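Novice: no sequence on this one, just coordinates:
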């Protein structure tokens, strides 16, 4: 169990490094697509360095006036 936890943490850290290298944390605006892309990039972990470049596209409903 302990080795699985260590592998999971290393996997997520590598994914976080990939998101940082792609400058996903820069900029002031945060929207559904940006947050989703960051999350998927972190979860994909080392797969990012094997060519995976996950992107999320989503739309949110606008509030009625």
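Specialist: Looks like it came in fine. All figures in this text were calculated on a predicted structure; none of them were measured in a lab.

Novice: How many residues are close by the nearest residue to residue 40 once chain neighbours are set aside?
Specialist: Spatial nearest neighbour of residue 40, excluding adjacent residues (CB to CB, 6 or more residues apart in numbering): residue 54 at 4.0 Å. The C-beta positions use only the backbone N, C-alpha and C, and glycine is treated the same way. Neighbourhood size, residue 54 [other CB atoms under 10 Å]: 17.

Novice: Contacts only, for residue 54.
Specialist: 37, 40-41, 44, 48 (CB atoms under 8 Å, 6 or more residues apart in numbering).

Novice: Neighbour-wise, give me the winner out of those residues.
Specialist: residue 41 (25 neighbours).

Novice: How is residue 37 assigned, secondary-structure-wise?
Specialist: helix (DSSP: H, G, I helix; E, B strand; the rest coil).

Novice: how close does it sit to residue 25?
Specialist: Going from residue 37 to residue 25 by CB to CB, to the nearest Å gives 11 Å.

Novice: Residues in contact with both of those two, list them for me.
Specialist: Counting by CB under 8 Å, 6+ apart, residue 37 and residue 25 have no shared contacts at all.

Novice: Pull the distance from the host helix or strand of residue 43 to the chain's centre.
Specialist: Here residue 43, judged by DSSP states H and E, is contained in helix 32-44. Put simply, helix 32-44 sits 3 Å off its chain's centre (CA atoms, centre = their mean, to the nearest Å).

Novice: so residue 60 makes contact with residue 35?
Specialist: No: proximity of residue 60 to residue 35 does not meet the contact threshold set by CB atoms under 8 Å, at 10.9 Å.

Novice: more crowded one of those two?
Specialist: Under the criterion of other CB under 10 Å, the comparison of residue 60 against residue 35 puts residue 35 first, with 13 against 8.

Novice: measure that one to residue 42 for me?
Specialist: With CB to CB as the criterion, residue 35 and residue 42 are 11 Å apart.

Novice: what do you get for residue 21?
Specialist: Applying CB to CB to residue 21 and residue 42 gives a distance of 12 Å.

Novice: Who has more neighbours out of these two?
Specialist: The neighbour count for residue 21 versus residue 42, taken as other CB under 10 Å, is higher for residue 42 (21 against 11).
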